[in-house]
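[1] kindly return the folded structure for what I paste below:
(2 chains)
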Amino acid sequence: MSLICSVKNLTRIYHQKDSDVAVNALDGVSMEITDGDFAAIAGPSGSGKTTLLNILGGLDTPTAGEVIIDKTDLTKLSAPDLAEFRLRKIGFVFQAYNLIGTLSAYENAEYVALLQGVPQDRRLYEAKQLFKDLGMEPYLRRRPSQLSAGQQQRVAVARAIMARPKIILADEPTANLDSKTGSDLIELMHAMNKHLGITFVFATHDRMVMEKAGRLIQLHDGKLAGDSLGAPLKT
Amino acid sequence: MNTFLKIAWRNILRNRARSFITIAAVAVGLCALIFLKAFIDGADHQMVSNYTDLFVGHLQIHKTGFQKNMGLDKSINNEESLSSVLRKTPSVEAFSPRVKEFALISSSEGSSGILLLGVDPEREKNVTTLHQKIREGENLLPQDKDQILIGRQLAENLGVTVGDKVVIMSQAFDGSIAAAAYDVKGLIDAGAEEIDKNLAIITLSAAQDLFVMERRISEIAVRLHQLDNVDSAGRELSRAFGRNFEVLNWKDISPMTYQWLQFDQVFTGLILFIVLLVVAGGILNTILMGVLERTKEFGIMLALGTKPAQISLMVGLESFFLGLAGALLGAASGTSLILLFNKIGIDLSAISDALNSFYIGSVIYPIFSPLSVGLYAVIILLLSIAISVFPAIKASRLSPIEAIRS
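    Numbering: from 1, shown residues only, chains lettered A, B, ... in the order given. Now for the predicted structure:
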């Protein structure tokens, strides 16, 4: 298996507005993710999970360190190039779903494919197939406001998968779902991981997600505290 | 581009309330602009039209120098040759020869300096509307020799009315004293002080007899088919008549009226510009509000791989579509309003005295000008696009993470 992601000495310092106080969200994190991983980044609130995920997704830039995703150093890309990189290589599943309210479930799912220039007939075919696999076929034309939380998150997953990304980054995808819906969603993503070979990286503190993950990376106070691939660095 | 046309169009259709508000802001603004312009054009046109129709005519032909220093010594003795040229000029609708001289009018109660006009009543009807302003009595007949029309205010000053006698005195063409008595046949109430207080009219032949002018005349008043053609027709006739004659249009005859009109147009332009600024502010406000309330949506789009320039393009395209819809709606509604009021008029009788003093009637008919409607529609459309630049740039510079968190 080849490397899909590599970070070295990743540091992210935030400066609070109107004060000189600096917050070290990430402090020298180094790790690698292999193509096809189903990995969870775990840790308590404020441990730096979301910051790490945002940097891996090119939504945030590190203060120092190196981020290589699919052989591209993200720290060297301009804003438009980062957008293009996200469009082609990264899929996102957010905690709050972040669907576009004015678009239907289908239109949300096809949005990235539309930007990628995928022809309409193929977009429609793939979306229908995906919605069928996700058990969402009857809800293709519904707006997000007409869907339950679990259904919205499935649409978000469909949107991420429709883009055929190299890696899907999911930030607390089950946090707003009940345990049954959350469990079903993780099963679905696991199935996508197995059948489509898409790499999934979760930021989570949901024990169920950690148990399902093939690999568990632990963060604590912005530092790597453990990785199930090797011996724990810190407990 | 097609993708973003589709996305922009979809955004407009899905955000119906916001789209409606923006389109309405553009449409109402444009409608107000073009209607205001049509109203002012209507009033201005009425002013020029009434002014020229009432007394002056579209063009006047005199012996050179007459306008500057009016006198019988500058009378025209070859009217027939001028008339034959005028008859052959396609832009000329009608013309009327006149005798014009200052005189003294007296009654048993008083006297006053006046402008005495000698006209052929039948031919004058084709050039001016003085005959329509006779409020008491009757118009002159061509054969009337000792009948006179005078302004109503002049009649009041002289203490005379229809049927009373007045005496006209002046200097004749041959230098002798010209004096004759006339019966007041009608009173003119034109609503313009310079006519109602200072004008008296007798027939052309009576004037030629009074001033011992034989068949000489002072001027020819000309009416054109199109008032707008005064400049070109004036140049054409001036070339035809040569240097011995002056062909003056209404702007030359009354520079003050023309300057007033120019001032009015500058003032109108200023008002329209202010209205345009208000409209632009309204459009900017609705577009900016639309962008601000979509901060999270733009953040999601950016996170999903939409480039900043594509966000700008999308906002720009949406503004273009909204501006286009608003411009079309505004142009259609503005045109409908203009056409409606062009038929029924806008009744401003309450301020008719003030309007009449500017030669404007009590009922104003807005004028539909396709050029004005098209021009303002394009200006509003370009404005909608131009003022979307700021919101578009603002949207494109959002940080995806911060925008999503908003």
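[2] in what helix or strand does B:Lys96 lie?
    To be clear, residue B:96 is Ser; Lys isn't right here. B:Ser96 belongs to strand B:92-106 when elements are defined using DSSP states H and E.
[3] who does that strand pair up with?
    Counting by DSSP bridges, the strands paired with strand B:92-106 are strand B:111-119 (antiparallel), strand B:165-171 (antiparallel), strand B:219-224 (antiparallel).
[4] among these, which is nearest A:Leu216?
    A:Leu216 lies closest, by C-beta to C-beta, to one member of those: strand B:219-224, at 94.9 Å. (Glycine included, C-beta is placed from N, CA and C.)
[5] tell me which helix or strand comes right after the closest one.
    With secondary structure assigned by DSSP H and E, strand B:219-224 is succeeded by helix B:230-241.
[6] of all the strands paired with strand B:92-106, which lies closest to B:Gly29?
    Between the strands paired with strand B:92-106, strand B:219-224 lies closest to B:Gly29; by C-beta to C-beta that is 37.2 Å.
[7] list of residues touching the closest one?
    Applying C-beta atoms under 8 Å, 6 or more residues apart in numbering or on different chains, the contact partners of strand B:219-224 are B:56-62, B:66, B:76, B:79, B:82-83, B:86, B:91-98, B:100, B:124, B:126-128, B:230, B:233, B:237.
[8] extract the C-alpha set from it and format it as CSV.
    What follows is strand B:219-224, C-alpha atoms only, in CSV (Å, rounded to 0.1, in the frame of the first residue of the first chain):
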residue,chain,number,x,y,z
GLU,B,219,-41.7,88.6,-41.4
ILE,B,220,-42.8,85.2,-42.4
ALA,B,221,-43.6,82.8,-39.5
VAL,B,222,-43.0,79.2,-40.5
ARG,B,223,-44.3,76.0,-39.1
LEU,B,224,-42.4,72.8,-39.8
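[9] now that strand against helix B:230-241, angle please.
    130 degrees (axes from the mean of the first three to the mean of the last three C-alpha atoms, to 10 degrees).
[10] neighbours around the residue in chain B positioned nearest to chain A, how many?
    Relative to chain A, the nearest point of chain B is B:Gly305 (2.6 Å; C-beta to the nearest C-beta). Using other C-beta atoms under 10 Å in any protein chain shown, B:Gly305 has 26 neighbouring residues.
[11] that one against A:Ala113, yeah?
    No - using C-beta atoms under 8 Å as the test, B:Gly305 is too far from A:Ala113 to be in contact (10.6 Å).
[12] so what sits against both of these two?
    A:Ala163.
[13] after the host helix or strand of B:Ala8 comes which helix or strand?
    Taking DSSP H and E as the definition, one finds B:Ala8 inside helix B:2-14. Per DSSP H and E, the first helix or strand lying C-terminal to helix B:2-14 is helix B:16-51.
[14] all strands for chain A, in order.
    A:3-15, A:22-34, A:38-42, A:64-69, A:72-73, A:90-93, A:167-171, A:199-204, A:215-220, A:223-227 (DSSP state E).
[15] the fifth one: how far from the chain's middle?
    Computed by C-alpha atoms, centre = their mean, to the nearest Å, the chain-centroid distance of strand A:72-73 equals 18 Å.
[16] contact partners of it?
    A:66-67, A:85, A:89.
[17] give the contact list for residue 159.
    Since you didn't name a chain, this refers to chain A. A:91, A:99, A:108-109, A:111-112, B:304.
[18] wrong one, I was asking about chain B
    By C-beta under 8 Å, 6+ apart, the contact set of B:Gly159 is B:107-110.
[19] most neighbours among the residues you listed, which one is it?
    B:Ser107 (19 neighbours).
[20] correct me, but that one touches B:Thr161?
    No - when contacts are counted by C-beta under 8 Å, B:Ser107 is not listed as touching B:Thr161 (10.2 Å).
[21] how many neighbours does B:Ala233 have?
    So B:Ala233, with other C-beta under 10 Å, has 22 neighbours.
[22] near chain A, which residues of the stretch 301-406 of chain B? Just list them.
    B:301-310, B:400-401, B:404 (C-beta under 8 Å from any C-beta of the partner chain).
[23] show the contacting residues for the residue nearest to the spatial centre of chain A.
    For chain A, the residue sitting closest to the mean C-alpha position, by C-alpha atoms, centre = their mean, is A:Leu169 at 1.2 Å. By C-beta under 8 Å, 6+ apart, the contact list for A:Leu169 reads A:53, A:56-57, A:90-93, A:201, A:203.
[24] what about 10 Å?
    A:5, A:41, A:52-54, A:56-59, A:69, A:86, A:90-94, A:160, A:199-203 (C-beta atoms under 10 Å, 6 or more residues apart in numbering or on different chains).
[25] which of those are buried, as a PyMOL select command?
    In PyMOL syntax, the buried subset of the contacts of A:Leu169 is picked out as below (16 or more other C-beta atoms under 10 Å in any protein chain shown):
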select buried, chain A and resi 5+41+52+53+54+56+57+58+59+69+86+90+91+92+93+94+160+199+200+201+202+203
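[26] and the contacts of A:Leu169 near chain B, which?
    A:54, A:57-59, A:86, A:90-92, A:94, A:160 (C-beta under 10 Å from any C-beta of the partner chain).
[27] grab the nearest non-local neighbour of A:Asp178.
    Computed as C-beta to C-beta, 6 or more residues apart in numbering or on different chains, the closest residue to A:Asp178 that is not its neighbour in sequence is A:Gly150, at 7.7 Å.
[28] that neighbour reaches A:Leu185, doesn't it?
    Yes - checked against C-beta atoms under 10 Å, the pair A:Gly150 and A:Leu185 is within contact range at 6.7 Å.
[29] just the buried members of the contacts of A:Arg159?
    Counted by 16+ other C-beta under 10 Å, those give A:91, A:99, A:108-109, A:111-112, B:304 as buried.
[30] mind putting these in a markdown table, pLDDT included?
    Formatted as a markdown table, these follow (pLDDT from 0 to 100):
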| residue | pLDDT |
| --- | --- |
| A:Gly91 | 94 |
| A:Leu99 | 93 |
| A:Asn108 | 92 |
| A:Ala109 | 93 |
| A:Tyr111 | 91 |
| A:Val112 | 91 |
| B:Leu304 | 92 |
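[31] now for the residue of chain A found nearest chain B: which residues touch it?
    Using C-beta to the nearest C-beta, A:Leu87 is the residue of chain A that sits closest to chain B, at 2.6 Å. The contact partners of A:Leu87, by C-beta under 10 Å, 6+ apart, come to A:112-113, A:115-116, A:163, A:165, B:304-307, B:310.
[32] which members of these are the farthest-apart pair?
    Greatest spatial distance among the contacts of A:Leu87 (C-beta to C-beta): A:Pro165 and B:Gln310, at 18.6 Å.
[33] residue ranges with poor pLDDT in the chain?
    Looking at chain A here, since you left the chain open. A:1, A:230-235 (pLDDT under 70).
[34] try chain B instead
    In the predicted model of chain B, residues B:1-3, B:352-358 satisfy pLDDT under 70.
[35] what's the single longest helix in chain A?
    Longest helix in chain A by number of residues (criterion: DSSP state H): helix A:179-196.
[36] quick one: buried residues of that one?
    So for helix A:179-196, counting by 16+ other C-beta under 10 Å, buried means A:181-186, A:188-189, A:192-193.
[37] before we move on, back to that, overlap in contacts, B:Ser107 and B:Thr161.
    In contact with both B:Ser107 and B:Thr161: B:150, B:155, B:184, using C-beta under 10 Å, 6+ apart.
[38] a helix runs through the second one, doesn't it?
    Spelled out, that is B:Ala155. Yes - B:Ala155 forms part of a helix when assessed by DSSP: H, G, I helix; E, B strand; the rest coil.
[39] fine by me, thanks again.
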